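Undergrad: got a sequence here, can you build the structure:
(2 chains)
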Amino acid sequence: MESKDSVIAAFQKIPVKVEEVDFQQRGYHLEVIVKEGQLRAFAELLRTGNFYLSFISGLHLATGIEVSYQFANYGFPCRLLAHVAVDADGSLPTIADIFQGANWHERETKDFYGVIFRDHPNLKPLLLAEDMEDLKPLLKKEKTLKDRAAISRAQPETEPAPTAKEDA
Amino acid sequence: MTSMAEKGEHRYVLNMGPQHPSTHGVLRVILEMEGEYVMDPQPVLGYGHRMHEKMAESRSWPNFLPNAARMDYLSALIYNHGYVGVVERLAGIEPTPRAEYIRVITSELNRLQSHLLWLGVLVLDLGAFTPIMYTFEDREKILDILEDVTGARLTYCYMRVGGVVRDIDDKFIQRTREYIDWQRSRMPMYEKLVTGNIIFRKRVEQIGEFTPDMARRFGLTGPVLRATGIGYDIRRAEPYSVYPEFDFDIPTETAGDCMAAYKVRVREIEQSLRILEQALDKLPEGPCMAKVPKKLKLPAGDACYAVESPRGELVYHLTGDGSDTPYRMKIRVPSFSNLSLLPELCRGMLLSDLCACMGSLDLVIPEIDR
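TA: All right, here's what the predicted structure looks like:
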């Protein structure tokens, strides 16, 4: 994988849903929707390229918890954000054996959201104390939960920004 | 080392921290030792955990500005820059050109003082007390310059969405130019005092082994990554602000040991000085603050903003829902990933070499714990 296009082509073999987004607006190049069963194949594919794991984070939506994986490339500009919805029992497969750096990021996500990463080598509290295991501080109250549409960009994305550009 | 280690004989557990001076903050490392050799170092985090991400979700976005400085106290302005950058990107606001230059100038001064502090404490961890006195003299000059314009010496809250809170004046520019010359005149001294010192070199050469593959597996960024020969710097790879307008190099080394990380950082001091010089020369006139709506709401959608902190890649990922409070904010900090390789990096190493490795990673613990 030497360019963004070859990365997109490789993704289509898994196949995961990939969309190119405007870097100036979003700060990353590719948005990827990965199904839970594809996650490990997806990570293994990125491992063969020059990618590194930037972070893993969660998002609590009305439809459930989504986990986001951000990867970036050392060789060429290609930052991607992959969303994976956790399955019915609130778990996902670990990728800590593929990208060892995921170990701590997954423990952190477990701390904050209670997501279980299956086959993780050491899924103990990382940032929270041992007796705070049930706290899950980033879960939202039911009435504040929103769905995906409420936090997605309005279409079309070319609408003029609400700035005072003309005054500046 | 192997046979005894395999049998697990003569092992004992040594607790380093959370108050140990060379863990720089409240990091605890549980060391499983075999004589003087570290067989299994396991960092324990969370002593300084404040849950900044939750704070971001529970207050309107301008009220998070002071928090940004309180994660990495050594690069508060760079954290400022990332935070205002992500809000601007999501809301589609353009800062003024002068503000962008001021941001780069103050960020680079901030990077310099962080590198100078690191230089002092690295050799302090290795037992040499004198150099930190010299680096503090240099660092003090930067803090004085920044104090005049930002009003703070450590936890700056200087940048605002659309610009910066106060314009820089001629006095600032003149003092910064004087500082650049001063710092250049000091580097040969550090070369003699530290880099060429045989005791120092014996403590860092061929100690630690950072490899490109390890970098990919652990998500290594910053000077330790560039010590493995990968010239990856966010300022060049995904240029933000006005960095594309400056001519500077990304120093790399190939040895991948602590000495290589040391050399990369020392050479970065010169590159930051070059950026400063060019930014002061090119500084445009104009307002330092764009017109921004008084009650700015974050539009629905998400945005990332990555900046290069002195320790590596810092990413803010902000999700807005149309209100003035973020729906979610994730902060990716460089030291978190960099420290996570410690167990692999330091297995089988002498305890004193572990201190050299942790010094090379340039850890800032409040940033890891957030």
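
Undergrad: report the secondary structure state of A:A72.
TA: strand (DSSP: H, G, I helix; E, B strand; the rest coil).

Undergrad: and if you look at the one 5 residues further on?
TA: Using three-state DSSP, the secondary structure recorded for A:P77 is coil.

Undergrad: do B:Y232 as well
TA: Going by three-state DSSP, the state assigned to B:Y232 is coil.

Undergrad: any idea how far B:G222 is from it?
TA: 9 Å (CB to CB, to the nearest Å). In this view, the C-beta of every residue, glycine as well, is placed from N, C-alpha and C.

Undergrad: what's the answer for B:L143, then?
TA: Taken as CB to CB, the span from B:L143 to B:G222 is 22 Å.

Undergrad: comparing the two, which residue is more hemmed in?
TA: Remark: of B:L143 and B:G222, B:G222 carries more neighbours, 27 against 16, as counted by other CB atoms under 10 Å in any protein chain shown.

Undergrad: stretch B:51-60: end-to-end distance?
TA: Using CA to CA, to the nearest Å, one end of stretch B:51-60 lies 16 Å from the other.

Undergrad: show me where pLDDT drops low in chain A?
TA: Applying pLDDT under 70 to chain A flags residues A:156-168.

Undergrad: what about the helices in it?
TA: For chain A, helices defined by DSSP state H occupy the ranges A:4-11, A:23-26, A:39-48, A:102-113.

Undergrad: winner for burial among these?
TA: For these, the largest average neighbour count (mean count of other CB atoms under 10 Å in any protein chain shown) is found in helix A:102-113, namely a mean of 24.

Undergrad: near B:M51, how many other residues are there?
TA: 18.

Undergrad: that one and B:R370 touch, don't they?
TA: Yes: counting by CB atoms under 8 Å, B:R370 is a contact partner of B:M51 at 7.3 Å.

Undergrad: what parts of the stretch 1-150 of chain B come near chain A?
TA: B:45-46, B:49, B:51, B:53-54, B:57, B:86, B:89, B:91-94, B:96 (CB under 8 Å from any CB of the partner chain).

Undergrad: rerun at 6 Å
TA: Within the stretch 1-150 of chain B, the positions adjacent to chain A are B:45-46, B:49, B:51, B:54, B:89, B:92-93 by CB under 6 Å from any CB of the partner chain.

Undergrad: and these, which of them are buried?
TA: B:45-46, B:49, B:51, B:89, B:92-93 (16 or more other CB atoms under 10 Å in any protein chain shown).

Undergrad: dump the residue contacts of the residue nearest the centre of chain A.
TA: The structure's chain A has its C-alpha centroid closest to A:S68; by CA atoms, centre = their mean the separation is 1.4 Å. Neighbouring residues of A:S68 by CB atoms under 6 Å, 6 or more residues apart in numbering or on different chains: A:57, A:81, A:83.

Undergrad: the closest residue to it other than its chain neighbours - how many residues pack around it?
TA: With CB to CB, 6 or more residues apart in numbering or on different chains as the criterion, A:S68 has its nearest non-adjacent residue at 5.0 Å, and that residue is A:S57. When counting by other CB under 10 Å, one arrives at 26 neighbours for A:S57.

Undergrad: is it true that A:S57 touches B:M329?
TA: No: the pair A:S57 / B:M329 is not scored as a contact, 9.3 Å apart, by CB atoms under 6 Å.

Undergrad: does the residue nearest to B:D40 when sequence neighbours are not counted count as helix, strand or coil?
TA: Computed as CB to CB, 6+ apart, the closest residue to B:D40 that is not its neighbour in sequence is B:E32, at 4.0 Å. Under three-state DSSP, B:E32 falls in the strand class.

Undergrad: correct me if wrong: B:E32 contacts B:M39.
TA: Yes: using CB under 6 Å, B:E32 is in contact with B:M39, at 4.8 Å.

Undergrad: distance between stretch B:69-80 and the chain's centre?
TA: 8 Å (CA atoms, centre = their mean, to the nearest Å).

Undergrad: and the end-to-end length of it?
TA: First-to-last distance for stretch B:69-80 - CA to CA - comes to 6 Å.

Undergrad: quick check: end-to-end length of stretch B:283-300?
TA: 35 Å.

Undergrad: quick one: is that stretch near chain A?
TA: Yes: residues of stretch B:283-300 are located near chain A by CB under 6 Å from any CB, namely B:290-291, B:300.

Undergrad: among these, who's most crowded?
TA: Neighbour-wise, the residues of stretch B:283-300 next to chain A (other CB under 10 Å) top out at B:A290, 22 neighbours.

Undergrad: contacts only, for that residue.
TA: A:168, B:95-96, B:162-163.

Undergrad: closest one of these to A:S3?
TA: B:P95 (31.2 Å; CB to CB).

Undergrad: was I right about that closest one contacting B:G163?
TA: Yes: B:P95 is within contact range of B:G163, at 5.2 Å (criterion: CB under 6 Å).

Undergrad: those residues of chain A touching chain B, which are they?
TA: So chain A meets chain B at A:26-28, A:52-55, A:57, A:59, A:74, A:77, A:99-101, A:104, A:126-127, A:137, A:146, A:150-151, A:153, A:161, A:163-164, A:167-168 (CB under 6 Å from any CB).

Undergrad: now the buried members of these.
TA: A:26-28, A:52-55, A:57, A:59, A:74, A:99-101, A:104, A:126-127, A:146, A:151, A:153, A:163, A:168.

Undergrad: rewinding a little: now render the helices of chain A as JSON lines, adding distance to B:G208.
TA: JSON lines is the format used below for those (distance: least, CB to CB, whole Å):
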{"stretch": "helix A:4-11", "distance to B:G208": "32"}
{"stretch": "helix A:23-26", "distance to B:G208": "35"}
{"stretch": "helix A:39-48", "distance to B:G208": "23"}
{"stretch": "helix A:102-113", "distance to B:G208": "19"}
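
Undergrad: looking at the ones you listed, which is nearest to B:K282?
TA: That would be helix A:23-26 among the helices of chain A, by CB to CB, at 22.4 Å.

Undergrad: which other residues reach that closest one?
TA: A:29, B:303.

Undergrad: average model confidence for stretch B:201-211?
TA: On average, the pLDDT along stretch B:201-211 is 89.

Undergrad: first to last residue in it, what's the distance?
TA: Stretch B:201-211 end-to-end distance (CA to CA) = 20 Å.

Undergrad: what does stretch B:161-176 give?
TA: End-to-end for stretch B:161-176, by CA to CA: 25 Å.

Undergrad: what comes up buried for it?
TA: B:161-166, B:168, B:172, B:175-176.

Undergrad: out of the residues you listed, which is nearest to chain A?
TA: B:G162 (8.4 Å; CB to the nearest CB).

Undergrad: please verify my assumption that the closest one contacts B:K291.
TA: No: contact between B:G162 and B:K291 fails when scored by CB under 6 Å: they sit 7.2 Å apart.

Undergrad: for the closest residue in space to B:I199 that isn't next to it in sequence, give me the pLDDT.
TA: Of all residues not flanking B:I199 in the chain, B:A128 sits nearest, at 7.6 Å (CB to CB, 6+ apart). According to the prediction, B:A128 has pLDDT 86.

Undergrad: alright, I will stop here.
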